[in-house]
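[1] Pasting the sequence and the predicted coordinates here, then a few questions.
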Amino acid sequence: MEGLLVSQTQKRKKNRKQSPCSSCRQRQRQSWSHSPSASPSPFPPRTPNGTAHSSNHHSSSHAQAHTHSYYSHNSNHHHSNSCPNRKKATGLAKRKAMKGQSPNRRKKRAATILSCWIQPTSAQGFTVVQTPATVKEGDNVILNIQGYTGSAREYVWYRKKSAQDPGRVKIVTFYSNHLYQSPSNIRQKVLANGSLIIPNLIVIDDGYYEVQINDSSSQILKGGAPLKVYDGPEKITILPKHVHGQIEVLLNKKLILECQASSEPPAQYTWQVNGSSRAGNSGNIYAISKLSWGHSGTYTCMAMNSVINTAISKNIRVRVYEPSGGSIRGGDVVAGIVIGVLAGVALIVALIYYMVIGESSGE
């Protein structure tokens, strides 16, 4: 009896040695599962008599068709940088994709899908529009968010020098669920739709304003617009330096008057001489190559900001004099004549007065 058991055991071991190895059987299962007509089960299909198909039953045409299947595409091709379609990575499609893959590969694909879901989205679907389009110092402006139809959790506003500037400074965060902004004690205010109000503009408000929308679907949307604050002209001056608004220049010498005013954009300049415009000198420099007596008078510089239609002016008096003898001509001659006439009139009036008084006292 014992000899019979020993012989049967040896026979079973011999049969197992002659059977295909486990790795061969695993390759057979993979080849069967890759067939387009195969069932999703990891076990090979069986014939009506209950036996499994042999691996050599697959023709070369079947193997060629396998290159277009999901499994062979992922095993024979490099992964692209683009994210997979979310619909293919969820539900039934996701469960099918997991079959026939190793646990490590499943983890890698799950991590890829998750990373694609949490990537920020660039500015799409909305714009930021400045209202009004042109503003100056002291005005109020609204940076309106237009075209956004999602459900936002937060609006975060930043300011930077330009759209391409990588550095940005956070201004304010608005929490939509609580209708609350932080910080709350600042000049800038956020409306319920995320738009930003900046009152009492100053020059340093210039820059590019960017809004980041964190919506309820875990997307991050970004958009922005530049803001330009115009000002001036102001602080107007005329060179060379003068005393009490007057300069004195030698006869036949050159005269250069320079007008300066702070303005954004730069001011446009015009000149007037004794109240008459000088179209030929329409810059901030007024030059006379050789002074004559007729150049004495009042010179007016007018600086204008053509964008916001503001202007400012300043006057300076020019006196031309002759170096020999130190006499002063030009405007002083006219003044002397006027003074002489007035003195003569005063003398005549005085003589008449004394004559009338003297006659009255003689009587």
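    Arrived safely.
[2] Show me which positions of stretch 304-316 end up buried.
    M304, N305, I308, T310, A311, I312, S313, K314, I316 (16 or more other C-beta atoms under 10 Å). C-betas here are computed from N, CA, C, even on glycine.
[3] How about the second one: what's its closest non-neighbour residue?
    The shortest distance from N305 to any residue that is not its chain neighbour, by C-beta to C-beta, 6 or more residues apart in numbering, is 5.1 Å, and that residue is S263.
[4] Can you name the residues that contact the one you found?
    Neighbour list for S263: D231, G232, P233, E234, A303, N305 [criterion: C-beta atoms under 8 Å, 6 or more residues apart in numbering].
[5] Let's verify it: helix, strand, or coil?
    Three-state assignment for S263 (DSSP: H, G, I helix; E, B strand; the rest coil): strand.
[6] on that earlier part again, just send the buried residues of stretch 304-316 back as CSV, with secondary structure too.
    Formatted as CSV, those follow (three-state DSSP):
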residue, secondary structure
M304, strand
N305, strand
I308, coil
T310, strand
A311, strand
I312, strand
S313, strand
K314, strand
I316, strand
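[7] so where do the strands sit in the stretch 251-363 of the chain?
    According to DSSP state E, counting those that start in this stretch, the stretch 251-363 of the chain carries its strands in the segments 255-264, 268-273, 276-278, 285-288, 297-305, 310-321.
[8] need the contact list for A261.
    Each residue near A261 by C-beta under 8 Å, 6+ apart is listed here: G232, P233, E234, K235, I236, T237, A267, Y269, A303, I312.
[9] Distance of it relative to D231?
    Applying C-beta to C-beta, to the nearest Å, the value for A261 to D231 is 11 Å.
[10] Touching both of these two, which residues are there?
    With the criterion set as C-beta under 8 Å, 6+ apart, the contacts of A261 and D231 do not overlap.
[11] where does this structure have low pLDDT?
    Within the chain, the segments meeting pLDDT under 70 span 1-124, 279-281, 325-338, 354, 356-363.
[12] about what we covered before: just name the closest of the contacts of A261 to S289, please.
    Y269 (19.4 Å; C-beta to C-beta).
[13] Surely that closest one and S306 touch.
    No: contact criterion C-beta atoms under 8 Å: Y269 and S306 do not qualify, at 11.5 Å.
[14] got the contacts of A261 as JSON lines, with distance to S162 columns?
    Listed next are these as JSON lines, based on distance: C-beta to C-beta, whole Å:
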{"residue": "G232", "distance to S162": "22"}
{"residue": "P233", "distance to S162": "25"}
{"residue": "E234", "distance to S162": "26"}
{"residue": "K235", "distance to S162": "27"}
{"residue": "I236", "distance to S162": "30"}
{"residue": "T237", "distance to S162": "32"}
{"residue": "A267", "distance to S162": "25"}
{"residue": "Y269", "distance to S162": "30"}
{"residue": "A303", "distance to S162": "28"}
{"residue": "I312", "distance to S162": "30"}
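[15] ok, back up a step: from the strands of the stretch 251-363 of the chain, which stretch is densest packed?
    Among these, strand 297-305 has the highest mean neighbour count (mean count of other C-beta atoms under 10 Å), at a mean of 20.
[16] circling back to that earlier point, which of the contacts of S263 sit farthest apart?
    For the contacts of S263, the maximum inter-member distance is 12.6 Å, found between D231 and A303 (C-beta to C-beta).
[17] what about the residue nearest to A192 when sequence neighbours are not counted, neighbour count?
    For A192, ignoring the flanking residues on the chain, the nearest one in space by C-beta to C-beta, 6+ apart is L179 at 6.4 Å. The number of residues packed near L179 is 10, by other C-beta atoms under 10 Å.
[18] Kindly report the same for the one 5 residues further on.
    For S184, the number of neighbouring residues by other C-beta under 10 Å comes to 9.
[19] quick one: what helix or strand has it in it?
    Using DSSP states H and E, S184 maps to neither a helix nor a strand.
[20] Could you measure from it over to G283?
    Applying C-beta to C-beta, the value for S184 to G283 is 49 Å.
[21] so what does the helix or strand where Y208 lies touch, helix or strand wise?
    Using DSSP H and E, Y208 maps to strand 207-215. Under the contact definition 3 or more C-beta pairs under 8 Å, 6 or more residues apart in numbering; DSSP states H and E, strand 207-215 sits against strand 141-146, strand 152-160, strand 220-227.
[22] need those strands in TSV with distance to V341, can you?
    Output for the helices and strands packed on strand 207-215, formatted as TSV (distance: least, C-beta to C-beta, whole Å):
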stretch	distance to V341
strand 141-146	61
strand 152-160	68
strand 220-227	62
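[23] To G194, which of those strands lies closest?
    Closest to G194 of the helices and strands packed on strand 207-215 is strand 152-160 (C-beta to C-beta; 3.8 Å).
[24] and the closest one, which strands flank it?
    Strands adjacent to strand 152-160 in the sheet, as given by DSSP bridges, are strand 169-175 (antiparallel), strand 207-215 (antiparallel).
[25] Just list whatever residues bridge to the closest residue to Q268 other than its chain neighbours.
    Counting by C-beta to C-beta, 6+ apart, Q268 lies nearest to M304, which is 5.1 Å off, once chain neighbours are set aside. Beta-bridge pairing for M304 (DSSP bridges): Q268, A311.
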